[in-house]
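**Student:** Model the structure of this input:
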Amino acid sequence: MGTSRLSLPVIVFAQFCCTSLWFAGNGVMNDLIQTFDLGPAALGHLTSAVQFGFITGTLGFAFLGIADRYSPSKVFFYSAIFGAFFNLGMLVESNSSGSLLMLRFLTGFSLAGIYPVGMKIASDYYREGLGKSLGFLVGALVLGTALPHLLLTVTGLQGLPWKSVLITTSFLAFLGGSLILLLVQDGPYRNPMLQKDFSAMLRVFRIPKFRAAAFGYFGHMWELYTFWAFVPVVLKVYSVLHPHSNFNIPLLSFFIIGSGGLACAVIGLLSQSWGTKRSAAGALLLSAACCIISPLMFLQTSETFFIIFLLFWGMVVVADSPLFSTLVAKHAPSEARGTALTVVNCIGFAITIVSIELTGFVLEVLDPVYLLLFLAPGPLLGLLALFRKTRNQLPTISPEKV
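**Tutor:** Numbers count the residues shown, from 1 in each chain. Modelled structure (predicted):
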């Protein structure tokens, strides 16, 4: 079994491996559309299917208190195995649009036992410096999410079929789950829920600090996954508007999304001196600004400037994610921490479905340069929730304690 020193690197690597399942379908979306004769709305629907599966899974996990009543390491392992299996299901040649939606839904359901449970495992090991630990953990999630785009680029250069992307991501999920089971035991700060408490998922919202952190997270989620899902679309729109540009869209998508992984790790370290809430507020403000000025960026003739803008946005759009998870974990009762993290994830990802579908609708009815402008209310409202709590609490709480 692992030690505390070994546990964080293993958890981070396992999170990276397993969350590659998340956008595995997006990474090969064009091939799925061509192979299975899907409609133009497939991007939004298949992405939303994963989110909906994740929501259903987290709701069930939170209601039953799975991550608090049972060994989170075992929950992580079994979820990774099932996720890998459902991901491989997309290789079946007889798939239809309905079966693909169901497979992505089940993959999302499996991810409910990976992402929030991974944070639960980390919070059971690290009481102090949790922001730094979750910064690395969410950074791994970001890189895992971006990985399918890189795999598509590599397989294209090597002349390998697109199905190899799905095979690789499923193998990584199996590897990540196995590492958690074999090397990471239940953490020293784990306080298991000894009795069923079906009210815990609602009771945590009575805590003012928890509620403020949760609502800040919800505003952040309105923007995050929609931005990630539509990065390839944004690059394609720019290419159409500026025919001189010559983009490798899968590779650029990887770097734009993946840049957030570095940002999460850096802001997790900086938050130890800046304060968790203050750091989250800064990221939300910058991200909201990117949403607002995004229509102007499409008018830039310099593709280098446009890419730098998207790379910057890719960093700030997710930098606050580990900070909100830190606040949620710190302000939840220890015996219900896994349930609290899971239910907040559940609501946050429900919001992403509305945002993704709305953006897909905007793409069909409005000029695509306004595509991402409608994401601005999310970070602005999240900033408002965080500002109110910061105003009330920051003078009496040291940065290390928030």
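
**Student:** Which stretches in the stretch 51-200 of the chain count as helices?
**Tutor:** For the stretch 51-200 of the chain, applying DSSP state H, counting those that start in this stretch gives helices covering 66-69, 72-88, 97-111, 115-125, 130-158, 163-183, 200-203.

**Student:** Run through the stretch 1-150 of the chain and note the low-pLDDT ranges.
**Tutor:** The stretch 1-150 of the chain contains residues with pLDDT under 70 at 1-5, 126-131.

**Student:** Try it again at 50.
**Tutor:** Counting by pLDDT under 50, the stretch 1-150 of the chain has low-confidence residues at 1-3.

**Student:** Point out the most buried one among the helices of the stretch 51-200 of the chain.
**Tutor:** Among those, helix 115-125 has the highest mean neighbour count (mean count of other CB atoms under 10 Å), at a mean of 27. For the C-beta atoms, the positions are set from N, CA and C on the backbone; glycine is no exception.

**Student:** Can you show me the strands along this structure?
**Tutor:** Using DSSP state E, no strands are found in the chain.

**Student:** Put together TSV for the helices of the stretch 51-200 of the chain, with distance to residue 294 on each row.
**Tutor:** Formatted as TSV, these follow (distance: least, CB to CB, whole Å):
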stretch	distance to residue 294
helix 66-69	37
helix 72-88	32
helix 97-111	27
helix 115-125	27
helix 130-158	20
helix 163-183	29
helix 200-203	36
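
**Student:** Tell me which of the ones you listed lies nearest to residue 30.
**Tutor:** Across these, residue 30 has its closest neighbour in helix 130-158 (8.9 Å, CB to CB).

**Student:** other SSEs contacting the closest one?
**Tutor:** Judged by 3 or more CB pairs under 8 Å, 6 or more residues apart in numbering; DSSP states H and E, helix 130-158 is in contact with helix 4-18, helix 24-27, helix 115-125, helix 163-183, helix 249-274, helix 321-331.

**Student:** quick one on the thing from earlier: what about the helices of the stretch 51-200 of the chain, which gets the closest to residue 257?
**Tutor:** Among the helices of the stretch 51-200 of the chain, helix 130-158 comes nearest to residue 257, with 3.8 Å by CB to CB.

**Student:** so the closest one versus helix 97-111, what angle?
**Tutor:** Relative orientation of helix 130-158 versus helix 97-111 (axes from the mean of the first three to the mean of the last three CA atoms, to 10 degrees): 140 degrees.

**Student:** Helix 130-158 vs helix 4-18, what angle?
**Tutor:** Helix 130-158 runs at 40 degrees relative to helix 4-18, counting by the same axes, to 10 degrees.

**Student:** if we can go back for a sec, nearest to residue 261 among the helices of the stretch 51-200 of the chain would be which one?
**Tutor:** Minimum separation from residue 261 across the helices of the stretch 51-200 of the chain (CB to CB) falls at helix 130-158, 4.0 Å.

**Student:** any chance of the helices and strands packed on helix 130-158 in a markdown table, with distance to residue 83 too?
**Tutor:** Below are the helices and strands packed on helix 130-158 laid out as a markdown table (distance: least, CB to CB, whole Å):
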| stretch | distance to residue 83 |
| --- | --- |
| helix 4-18 | 7 |
| helix 24-27 | 10 |
| helix 115-125 | 11 |
| helix 163-183 | 5 |
| helix 249-274 | 19 |
| helix 321-331 | 20 |
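
**Student:** Looking at the helices of the stretch 51-200 of the chain, which is nearest to residue 356?
**Tutor:** In terms of CB to CB, the element of these nearest to residue 356 is helix 97-111, at 12.6 Å.

**Student:** what about the closest one, distance to the chain center?
**Tutor:** Relative to the centre of its chain, helix 97-111 is centred 17 Å away, using CA atoms, centre = their mean, to the nearest Å.

**Student:** Can I get that helix in PDB, CA atoms only?
**Tutor:** Output in PDB follows, covering the C-alpha atoms of helix 97-111 (Å, rounded to 0.1, in the frame of the first residue of the first chain):
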ATOM      1  CA  SER A  97     -26.800   7.600 -32.900                       C
ATOM      2  CA  GLY A  98     -29.000   6.300 -30.100                       C
ATOM      3  CA  SER A  99     -26.400   3.600 -29.000                       C
ATOM      4  CA  LEU A 100     -23.600   6.200 -29.100                       C
ATOM      5  CA  LEU A 101     -25.600   8.500 -26.900                       C
ATOM      6  CA  MET A 102     -26.200   5.700 -24.400                       C
ATOM      7  CA  LEU A 103     -22.500   4.700 -24.400                       C
ATOM      8  CA  ARG A 104     -21.400   8.300 -23.800                       C
ATOM      9  CA  PHE A 105     -24.100   8.600 -21.000                       C
ATOM     10  CA  LEU A 106     -22.700   5.400 -19.300                       C
ATOM     11  CA  THR A 107     -19.200   6.700 -19.700                       C
ATOM     12  CA  GLY A 108     -20.300   9.900 -18.000                       C
ATOM     13  CA  PHE A 109     -22.000   7.900 -15.300                       C
ATOM     14  CA  SER A 110     -18.700   6.000 -14.600                       C
ATOM     15  CA  LEU A 111     -16.800   9.300 -14.400                       C
END
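
**Student:** Could you figure out how far that helix is turned away from helix 115-125?
**Tutor:** Calculated by the same axes, to 10 degrees, helix 97-111 forms an angle of 10 degrees with helix 115-125.

**Student:** Let me see the residues that make contact with helix 97-111.
**Tutor:** Helix 97-111 is contacted from outside by 18-19, 21-22, 24-25, 32, 36, 38-39, 42, 45-46, 49-57, 79-80, 82-83, 86-87, 89-90, 92, 95, using CB atoms under 8 Å, 6 or more residues apart in numbering.

**Student:** Give me the buried subset of those residues.
**Tutor:** 18-19, 21-22, 24-25, 32, 36, 38, 42, 45-46, 49-57, 79-80, 82-83, 86-87, 89-90, 95 (16 or more other CB atoms under 10 Å).

**Student:** State the number of residues packed around residue 387.
**Tutor:** Residue 387 has 17 neighbours, counted by other CB atoms under 10 Å.

**Student:** Which residue is the nearest non-sequential neighbour of it?
**Tutor:** Once flanking residues are discounted, residue 387 sits nearest to residue 281: 6.5 Å by CB to CB, 6 or more residues apart in numbering.
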